[in-house]
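# Would you be able to build a 3D model of this:
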Amino acid sequence: MVVIRLARGGAKKRPFYNMVVTDSRNRRDGRFVERVGFYNPVASGNAEGLVIKMDRLTYWTDNGAQLSPTVARLVKQFAAKAA
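Below you'll find the predicted structure:
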């Protein structure tokens, strides 16, 4: 099954997450098909905290990809901010 989930990066105590499309059997930070955005929970000032390519996210969900609970929450948050 194809899932859209967060892959962690960044330094210790400074998390940075890539929103990736991957096979559910792959490891969290392992191989992925496409990067559709990122989430930076410690962004400050003018730094962007959440960016999602909605056209690619829509493409993948239309083709059967499932969102993880955290990604679903972030997409909802991003859509509310954009509107």
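
# And the helices in the protein?
Counting by DSSP state H, residue ranges of the helices within the chain are 54-62, 69-82.

# Residue 34 contacts residue 56, doesn't it?
Yes - Residue 34 lies in contact with residue 56 (CB atoms under 8 Å); the separation is 6.7 Å. C-beta coordinates here come from the backbone N, C-alpha and C atoms, glycine included.

# before we move on, back to that, of the helices of the chain, which is nearest residue 27?
Ranking these by distance to residue 27, with CB to CB as the measure, places helix 69-82 first at 16.7 Å.

# any idea how far the residue nearest to the spatial centre of the chain is from residue 47?
The residue lying closest to the centre of the chain (CA atoms, centre = their mean) is residue 19, at 2.2 Å. Distance check for residue 19 against residue 47: by CB to CB, to the nearest Å, it reads 17 Å.

# Can you give me the separation between the residue nearest to the centre of the chain and residue 67?
Using CB to CB, residue 19 is found at 10 Å from residue 67.

# ditto for residue 26
Distance from residue 26 to residue 67, by CB to CB: 16 Å.

# What separation is there between residue 27 and residue 41?
From residue 27 to residue 41 the distance is 21 Å (CB to CB).

# what's the answer for residue 20, then?
Distance check for residue 20 against residue 41: by CB to CB, it reads 17 Å.

# Compare neighbour counts for the two and give me the winner.
Neighbour count, other CB atoms under 10 Å: between residue 20 and residue 41, residue 20 has more, with 23 against 11.

# And the pLDDT for the residue nearest to the more buried one when sequence neighbours are not counted?
Among residues not flanking residue 20 along the chain, residue 32 sits closest, at 3.9 Å (CB to CB, 6 or more residues apart in numbering). pLDDT recorded at residue 32 is 94.

# where do the strands sit along this protein?
With strands called from DSSP state E, the chain shows them at 2-11, 14-23, 34-39, 50-52, 66-67.

# Out of the ones you listed, which is closest to residue 60?
Nearest to residue 60, of all those, is strand 14-23, at 5.3 Å by CB to CB.
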